[in-house]
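Novice: 3D, please:
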Amino acid sequence: MRRFTGPSLACLLLGCSPTSAPRAAPPVEPAASASPRPAAPPPSDPGEPRSAPPPPAATPAAAPPPPVAPPEDMLPVPGGSFTMGADDGGEPDERPAHVVTLAEYWLDRLQTTNAQYLECVAAGRCRPYRDDVAASMKLGPERRFRGPTQPVVGVSWGDAVSYCEYRGKRLPTEAEWERAARGSDNRRYPWGDEPPDRRRHGCFSGCVAGTTMPVGSYPEAPGPYGHLDLAGNVWEWTASLYDPHAYRRDGAARGLPGSCEEILASLEQLRRSGQQGFTGSNPIPSECERVLRGGAFNYAPAGLRVTNRVHHPGSFRIVVAGFRCAKTPPEAAPPPAP
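Specialist: Coordinates of the predicted model:
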């Protein structure tokens, strides 16, 4: 069969010339590009709430500043709750045991020394300590208590306040003192529950030679947060008024005593009912006195318990009383008024 070489079938049907090639279609001119118009918003329906615009991207919160470190001579005591007082043993003014909540604070690692106090005297911010307190208690020459690193004695409550203010500090409250000595485990003594040992735990029961020891002499017996000499050497003034019924007051959970008027009423009631031993061996006060804590070089071992409370008029300057200072961290709230 012969192959067909004539015009294409399409040409036969359309009448095209057998010798003409099919023409290319003319190029299409592209339309000028125009910026697309945004679609018109649909007509708003007054009854339909408009959608709110998306919120702006949240700004990352700034990192909190790092906590301020205490001075080198102080150690922090963490904020929190602890058990203050006891339900048995000791004196009636140590009862009942109750939970107290405190903010963080800083406390001097050691008791204030003679040398440190004399710096305040030299600066004109403190009055000199009383220099005959040893003779007043028949304890020998005054010089036995005046070594530069021995705890200062013969200072009143007001003297202690002045010194702490000179250092930019304050006296601890009674509750703060017990918190630093007791921690959160209800220990009986600052070092734990082991009975006091004169070789390791502190200066008491006449100590070595019937006088005080240089501060920090018992590094084996730190308190729960590292403070030393919380038992023995010298009693420590606190900021708080002595209230025999403090642990029953409305402010007990914050470590607050009653007002001076309430305290005087309680003391009078104790006197009328003949409860001399309620506040310990000292006479029932006839004025609003201050609390001292910790025991002293001449004190019996049992009295070194962390719940023991002693009271004296704030004007007393005696050989068994010294102090250490506290401070509120810059970022913390100040303590309640004592």
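Novice: thought A300 was touching R198?
Specialist: No - contact between A300 and R198 fails when scored by Cβ atoms under 8 Å: they sit 11.6 Å apart. Heads up, the C-betas are built off the backbone N, CA and C, glycines and all.
Novice: so for these two, which sits in the more crowded spot?
Specialist: Remark: of A300 and R198, R198 carries more neighbours, 15 against 10, as counted by other Cβ atoms under 10 Å.
Novice: help me confirm that the more buried one is found in a helix?
Specialist: No - R198: not assigned to a helix; according to DSSP: H, G, I helix; E, B strand; the rest coil it is coil.
Novice: mind listing what L107 touches?
Specialist: Residues in contact with L107, defined by Cβ atoms under 8 Å, 6 or more residues apart in numbering, are M74, L75, V77, P172, E176, A180, Y225, H227, R324, C325, A326, K327.
Novice: the stretch 51-200 of the chain: helices as residue ranges?
Specialist: 114-122, 133-136, 157-166, 174-182 (DSSP state H, counting those that start in this stretch).
Novice: now do the shared contacts for A300 and R198.
Specialist: F204, S205.
Novice: show me the shaky parts of this protein.
Specialist: Applying pLDDT under 70 to the chain flags the ranges 1-60, 64-65, 332-334, 336.
Novice: residue ranges for the strands of it, please.
Specialist: In the chain, the strands defined using DSSP state E lie at 74-77, 80-84, 98-102, 105-108, 235-241, 290-293, 310-312, 321-322, 326-327.
Novice: and the angle from the third one to helix 174-182?
Specialist: Computed by axes from the mean of the first three to the mean of the last three Cα atoms, to 10 degrees, the angle separating strand 98-102 from helix 174-182 equals 100 degrees.
Novice: returning to that earlier point: and the contacts of L107 as TSV, adding distance to N308?
Specialist: Below are those laid out as TSV (distance: Cβ to Cβ, whole Å):
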residue	distance to N308
M74	24
L75	22
V77	19
P172	16
E176	16
A180	15
Y225	19
H227	17
R324	17
C325	21
A326	19
K327	25
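Novice: tell me, what residue is most central in this protein?
Specialist: E104 (0.9 Å; Cα atoms, centre = their mean).
Novice: residues contacting it?
Specialist: Per Cβ under 8 Å, 6+ apart, neighbours of E104: P76, V77, P78, G79, P329, A332.
Novice: which one (most neighbours) among those residues?
Specialist: Among the contacts of E104, V77 has the most neighbours (other Cβ under 10 Å), with 27 neighbours.
Novice: show me the contacts for that residue.
Specialist: E104, Y105, W106, L107, E176, R179, A180, Y225.
Novice: the same query, at a cut-off of 10 Å, please.
Specialist: Residues in contact with V77 (Cβ atoms under 10 Å, 6 or more residues apart in numbering) are 70, 102-107, 172, 176-177, 179-181, 183, 223-227, 326.
Novice: between the contacts of E104, which sits nearest Y117?
Specialist: Proximity of the contacts of E104 to Y117 (Cβ to Cβ) peaks at V77, which lies at 23.1 Å.
Novice: re the thing from before, now restrict the contacts of V77 to buried residues only.
Specialist: Among these, those that count as buried by neighbour count (16 or more other Cβ atoms under 10 Å) are 70, 102-107, 172, 176-177, 179-181, 183, 223-225, 227, 326.
Novice: re the thing from before, just the strands of the chain: most buried one?
Specialist: strand 321-322 (a mean of 28; mean count of other Cβ atoms under 10 Å).
Novice: give me the contacts around that strand.
Specialist: By Cβ under 10 Å, 6+ apart, strand 321-322 touches 111-114, 117, 129, 133, 150-157, 160, 212, 215, 229, 233-237, 290, 292, 294, 296, 310, 312.
Novice: recalculate using a threshold of 6 Å.
Specialist: Under the contact criterion Cβ atoms under 6 Å, 6 or more residues apart in numbering, strand 321-322 has outside partners Q111, P151, V152, V153, V234, W235, L292.
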